[in-house]
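Peer 1: Okay, structure incoming, though there's no sequence with it:
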């Protein structure tokens, strides 16, 4: 079974890290914890939620700023953390970067938390 | 079904917070981010994993200490964070507290991350 460098996004389902099935190695835990830490912040979690649920499945800073009492640069910083965690992608078009969630990354993160004996069947 | 004091575990599946379906309120984001922050740490994620995969589904500090180069009190602190996040329960028996994961809490946390259009069917 191949090693995967990233906790989410690259592995197929059978190889996805599962927290509950066997003890995580220190390396697996470090990678996966980094991703959970990215969403362990209310602003970032709301940003992820705003992007995921925005019309067309994408949003730019201009679309989400009004939901927060935060500066544009602060919001951009949080978006960068989400992007570096592999949870969103950004696509520059003209002045703005449009962000989308990576559904496969969310799905794998979701799967990593399922109780050991359970298999997610999504429909 | 008993009530749980914690951010996850109260709602039934239909009412579980879903990050991707609609924008989280600030309150929902604060509660959910607290739980993700609890597992946004490599030591706590490994502890959760060690407990979940331990023989009998439970473990005490005595069972997990050797996996870490950390003192007992430090490990106990991390276990407390996991417990306060509602992810594990502790049951004192004699000298030791035996910890178990709360599968329903993990399941709801897992569900909160699923892409909007998907429904988890676990088997």
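Peer 2: Nice, I can see it. Remember, it's a predicted structure, so these values are computed and weren't measured experimentally.

Peer 1: And the pLDDT at the residue nearest the centre of chain A?
Peer 2: With distances taken as Cα atoms, centre = their mean, residue A:87 lies nearest the centre of chain A, 2.5 Å away. pLDDT, the model's per-residue confidence, is 97 for residue A:87.

Peer 1: Quick one: neighbours of the residue nearest to it when sequence neighbours are not counted, just the number.
Peer 2: Excluding its sequence neighbours, the residue lying closest to residue A:87 (Cβ to Cβ, 6 or more residues apart in numbering or on different chains) is residue A:105, at 5.4 Å. All C-beta atoms are positioned from the backbone trio N, CA, C, and that covers glycine. By other Cβ atoms under 10 Å in any protein chain shown, 22 other residues sit near residue A:105.

Peer 1: Can you read off the pLDDT for residue A:39?
Peer 2: Taking residue A:39 on its own, its pLDDT is 98.

Peer 1: Dihedrals phi and psi, it?
Peer 2: phi -100, psi 10 (degrees, to the nearest 10).

Peer 1: so where's chain A uncertain?
Peer 2: Where chain A drops to pLDDT under 70, the residues are A:1-15, A:119-123.

Peer 1: For it, just list every one of the strands.
Peer 2: A:58-59, A:88-93, A:96-101, A:120-122 (DSSP state E).

Peer 1: same for the shortest one, what does it pack against?
Peer 2: So the one you mean is strand A:58-59. helix A:42-53, strand A:96-101 (3 or more Cβ pairs under 8 Å, 6 or more residues apart in numbering or on different chains; DSSP states H and E).

Peer 1: now that strand, how far from the chain's geometric center?
Peer 2: Averaged C-alpha coordinates place strand A:58-59 at 15 Å from its chain's average position (Cα atoms, centre = their mean, to the nearest Å).

Peer 1: Ok, stretch A:48-67 next?
Peer 2: On Cα atoms, centre = their mean, the centre of stretch A:48-67 falls 15 Å from that of its chain.

Peer 1: So which bits of that stretch are buried?
Peer 2: The neighbour-count check on stretch A:48-67 (16 or more other Cβ atoms under 10 Å in any protein chain shown) flags A:48-54, A:57-61, A:63-64, A:67 as buried.
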